[in-house]
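A.B. asks: Based on what follows, work out the 3D shape:
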Amino acid sequence: MAEKIEITEEFNAVIGVQSDPWIHEVTTTSVRAFARGVGYSDPVYFDEEAAKAAGYRSLPCPPTYLGTPVFIPGLSNDTFSGPKNTGPSLNHGLKNVLDGGAETEYFADICAGDTLSVTSCCSDLSIRESKTTGQMLIVTSESTYTNQEGQVVAKQRGQGLFY
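C.D. replies: Next up, the predicted model:
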């Protein structure tokens, strides 16, 4: 179990600090692969004619798919392809993490051919008590997805539970 966790001034200093932008590409191949991987069968995710007949510019991103981060050797995380350094970090020393979930708010269609610039920040920190793990540091982060035309197309908020 985690010892007493305290949100310090150093921790609070990271709230709201935006990361540098990172590019996510949306391709017909990635849309089809994601849709197939999660079991979607709607033709709009596979057939461009069906997508256009439904009013999309190209194959639309399925729910929760927000493009694929561009991998740049030496700068990208080897596991997740996003940037190694996304801004200031919380040196909390807690070794365990749980995914606290994510929610995505969409403002416009995201379709194959789009290039998304993604920035993120820590938007909140809190502490909760768990019967099994003791205290947990809840880190809420927010990512903003902006398309090639400068339009914010989505925001995603997620939580990491560290203990």
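
A.B. asks: Could you measure from residue 120 over to residue 142?
C.D. replies: Remark: distance between residue 120 and residue 142 (CB to CB, to the nearest Å) = 7 Å. Using the backbone N, CA and C atoms, a C-beta is placed for each residue, glycine as well.

A.B. asks: These two: who's more crowded?
C.D. replies: In terms of neighbours (other CB atoms under 10 Å), residue 120 is the more surrounded of residue 120 and residue 142; the figures are 22 against 16.

A.B. asks: The more buried one - that's part of a strand, no?
C.D. replies: Yes. Using DSSP: H, G, I helix; E, B strand; the rest coil, the assignment for residue 120 is a strand.

A.B. asks: Tell me the bridge partners for it.
C.D. replies: residue 143 (DSSP bridges).

A.B. asks: Do I have it right that it meets residue 20?
C.D. replies: No. Under the criterion of CB atoms under 8 Å, residue 120 lies out of contact with residue 20, with a separation of 9.7 Å.

A.B. asks: show me where the chain has helices.
C.D. replies: For the chain, the helices defined by DSSP state H cover 9-12, 28-38, 48-53.

A.B. asks: Would you format those as JSON lines with mean pLDDT and distance to residue 91 included?
C.D. replies: Listed next are the helices of the chain as JSON lines, based on pLDDT from 0 to 100; distance: least, CB to CB, whole Å:
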{"stretch": "helix 9-12", "mean pLDDT": "92", "distance to residue 91": "8"}
{"stretch": "helix 28-38", "mean pLDDT": "98", "distance to residue 91": "34"}
{"stretch": "helix 48-53", "mean pLDDT": "98", "distance to residue 91": "45"}
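
A.B. asks: Save those as a markdown table, and put in distance to residue 105 and mean neighbour count too.
C.D. replies: Shown next, in a markdown table, are those (distance: least, CB to CB, whole Å; neighbours: other CB atoms under 10 Å):
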| stretch | distance to residue 105 | mean neighbour count |
| --- | --- | --- |
| helix 9-12 | 25 | 12 |
| helix 28-38 | 19 | 16 |
| helix 48-53 | 22 | 14 |
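
A.B. asks: Now tabulate these in CSV and tack on distance to residue 132.
C.D. replies: Listed next are these as CSV, based on distance: least, CB to CB, whole Å:
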stretch, distance to residue 132
helix 9-12, 24
helix 28-38, 30
helix 48-53, 46
